[in-house]
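Colleague: I'd like to go over a predicted model; first the sequence, then the structure.
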Amino acid sequence: MRGRVVARAVVVGCGVAGLSAAIALRERGFGVRVVAREPPERTTSAVAAAVWYPYRAYPEERVLSWGARTFEVFRGLAADPRTGVRLGEGVELLRRSAPGEPWWREAVSGFRRCREEELPPGCRGGYRFVAPVAEMPAYLAYLLGRLRGAGGTLELREVSSLEEAGEGADVVVNCSGVWARELAQDPSVFPIRGQILRVANPGLERFVLDEENPAGLTYIVPRSGDCVLGGTAEEGRWSTEPDPATAEAILRRCSALEPRLRGARVLEHRAGLRPGRPEVRLELEELPGGTPCVHNYGHGGSGVTLSWGCAEEAAALAGAALS
């Protein structure tokens with residue numbers, strides 16, 4: 001929309017949380033400017049395997065609500081191939097946990113327990129379900145194009161404070177991810193380093209999540225032209241430089257689960273910093289200069305999974321602050 005502007009909003013951060021929030025604000029009539037030090041393709045969001053799945057985000061009841069709303073939005077986006085979003089079937093393997101009902105069960109479709117013959121050795125059980133998968137290069141480009149098409153802008157520059165970012169704005173929305181530790185002066189934020197490989201897709205269609213693998217966190221996410229293989233969840237480590245030994249270990253774990261990956265051509269190594277926090281922070285605060293600020297960060301490994309639910313709530317809080 002390009003209608004009457006009700007107020008001026010600045011969104012800090014242009015990962016999936018920031019771009020989604022910016023679109024939600026613009027659709028409420030805000031004039032929107034996104035400020036970020038790096039473009040979307042260089043954010044942690046661009047590294048994500050981006051299967052809808054609540055991972056290291058709390059508290060569960062609010063995460064479920066945000067996630068269910070995001071699932072609903074993604075279901076609609078999957079009808080348009082230009083978005084990079086599709087609905088895919090996958091499996092979560094259980095090696096230690098008892099195969100009961102997962103707390104996120106009601107948010108997904110096509111859920112059923114795995115039959116014994118469907119499980120690899122060493123697994124006690126598993127779930128099959130259908131969930132959105134977003135190909136992040138295409139999806140981030142879609143979000144940025146949608147924002148610009150609605151009249152929003154992206155400004156690439158580094159800011160030293162939320163007050164500086166919000167100069168001239170009526171409201172600030174802080175989607176700075178792990179960097180909220182500095183910008184929001186929040187010591188409870190910590191990095192959860194994730195390393196992945198992109199390899200040529202040997203014909204896989206189903207995603208596999210194997211968090212309880214004794215050799216380390218393992219997941220396989222097929223996309224249209226490649227597969228994302230992971231991964232790691234290294235708390236407190238700030239390096240985004242891919243480690244060759246870690247990459248080799250990831251490839252071994254994934255190939256053990258899916259033999260067709262043996263010898264797959266490696267296309268890229270990447271690492272990103274998930275924004276860990278004891279709880280997602282989605283709340284309104286007044287900055288020292290008096291400008292209202294909506295914080296929207298601390299999504300752990302669930303930035304994509306919670307993106308639209310959190311974006312819509314953040315936009316509603318921004319509107320309430322100015323009403």
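Modeller: Arrived safely, thanks for sending.
Colleague: who's in contact with Glu135?
Modeller: Going by CB atoms under 8 Å, 6 or more residues apart in numbering, Glu135 touches Ala50, Gly84, Val85, Arg86, Arg223, Ser224. For glycine as for every other residue, the C-beta is placed from the backbone atoms N, C-alpha and C.
Colleague: list buried residues within the residues you listed.
Modeller: Ala50, Gly84, Val85, Arg86, Arg223 (16 or more other CB atoms under 10 Å).
Colleague: the last one against Leu204, yeah?
Modeller: No: with contact defined as CB atoms under 8 Å, Arg223 does not count as touching Leu204 (9.4 Å).
Colleague: can you give me the buried ones in the longest helix anywhere in the chain?
Modeller: When the chain is parsed with DSSP state H, its longest helix is helix 60-77. The neighbour-count check on helix 60-77 (16+ other CB under 10 Å) flags Arg62, Val63, Leu64, Trp66, Gly67, Arg69, Thr70, Phe71, Val73, Phe74, Arg75, Leu77 as buried.
Colleague: and what of stretch 100-109?
Modeller: By 16+ other CB under 10 Å, the buried positions in stretch 100-109 come out as Pro102, Trp104, Ala107, Val108.
Colleague: cool, and stretch 136-148?
Modeller: Buried residues in stretch 136-148 (16+ other CB under 10 Å): Met136, Ala138, Tyr139, Leu140, Ala141, Tyr142, Leu143, Leu144, Arg146, Leu147.
Colleague: adding secondary structure and distance to Ala180, write the residues you listed out as TSV.
Modeller: Below are the buried residues of stretch 136-148 laid out as TSV (DSSP: H, G, I helix; E, B strand; the rest coil; distance: CB to CB, whole Å):
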residue	secondary structure	distance to Ala180
Met136	helix	21
Ala138	helix	27
Tyr139	helix	23
Leu140	helix	20
Ala141	helix	25
Tyr142	helix	25
Leu143	helix	20
Leu144	helix	21
Arg146	helix	24
Leu147	helix	21
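Colleague: mind putting those in a markdown table, pLDDT included?
Modeller: Shown next, in a markdown table, are the buried residues of stretch 136-148 (pLDDT from 0 to 100):
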| residue | pLDDT |
| --- | --- |
| Met136 | 97 |
| Ala138 | 97 |
| Tyr139 | 98 |
| Leu140 | 98 |
| Ala141 | 98 |
| Tyr142 | 98 |
| Leu143 | 98 |
| Leu144 | 98 |
| Arg146 | 98 |
| Leu147 | 98 |
